[in-house]
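Engineer: Return a 3D structure for these sequence lines:
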Amino acid sequence: MRAYPPPMVGSGPRTLALCAASIAVMAPWPLLGIALLHPQLDRASEAFMFLGGVTMFPLLILMLFGPPEEAIFAIVSMVWLAAALLPDVLLRLRLTSWGAVAGLLGAQSLFALAQAAMAALLVIGKSV
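Structural biologist: Numbering: from 1, shown residues only. Now for the predicted structure:
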């Protein structure tokens, strides 16, 4: 006999609430980095680095070939949104306890913190 998850585990409203919670735990880190290091940003477009600090390293290779800056921003934004939304959608049937949900939200928050910290180091290193 197979144990089935509770009926509300994979429901649409619960998945949307989990996606909103993911964005809520991920958004403060880049916003805090932008607020603290705003005077050191040369251009407003540098604020996008706080969404993808770690992601910027592979993209630096692409930047050597001269793609438009908007394409880089789009890739960084897609990676950040994918980190916020894909785990919620793909793991919605496995997140049956509050501990599992808290673990996922904690991992997403740490990912956003790592992205923002790497961007802060890039901005500080640029101004040295």
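
Engineer: What ranges does the chain have for its helices?
Structural biologist: All helices of the chain, identified by DSSP state H, fall at 12-26, 28-37, 56-63, 69-90, 98-126.

Engineer: could these be laid out in a markdown table, adding distance to residue 48?
Structural biologist: C-betas here are computed from N, CA, C, even on glycine. Output for those, formatted as a markdown table (distance: least, C-beta to C-beta, whole Å):
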| stretch | distance to residue 48 |
| --- | --- |
| helix 12-26 | 15 |
| helix 28-37 | 9 |
| helix 56-63 | 9 |
| helix 69-90 | 5 |
| helix 98-126 | 9 |
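
Engineer: wait, which of these is closest to residue 47?
Structural biologist: In terms of C-beta to C-beta, the element of the helices of the chain nearest to residue 47 is helix 28-37, at 4.9 Å.

Engineer: Distance from the chain centre to the closest one, please.
Structural biologist: A distance of 13 Å separates the centroid of the chain from that of helix 28-37, by C-alpha atoms, centre = their mean, to the nearest Å.

Engineer: who touches that helix?
Structural biologist: Contact partners of helix 28-37, identified using C-beta atoms under 8 Å, 6 or more residues apart in numbering, comprise 41, 47, 50-51, 109, 112-113, 115-117, 119-120, 123-124.

Engineer: 7 Å - rerun?
Structural biologist: When contacts are defined by C-beta atoms under 7 Å, 6 or more residues apart in numbering, helix 28-37 is touched by residues 47, 50-51, 112-113, 115-116, 119-120, 123.

Engineer: burial of residue 50, as a residue count?
Structural biologist: Neighbours of residue 50 under the rule other C-beta atoms under 10 Å: 27.

Engineer: residues in contact with it?
Structural biologist: If you count contacts by C-beta under 7 Å, 6+ apart, residue 50 has them with 30, 33-34, 115-116, 119.

Engineer: so can I have CSV of the contacts of helix 28-37 showing distance to residue 67?
Structural biologist: Listed next are those as CSV, based on distance: C-beta to C-beta, whole Å:
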residue, distance to residue 67
47, 19
50, 20
51, 17
112, 25
113, 28
115, 20
116, 24
119, 19
120, 24
123, 22
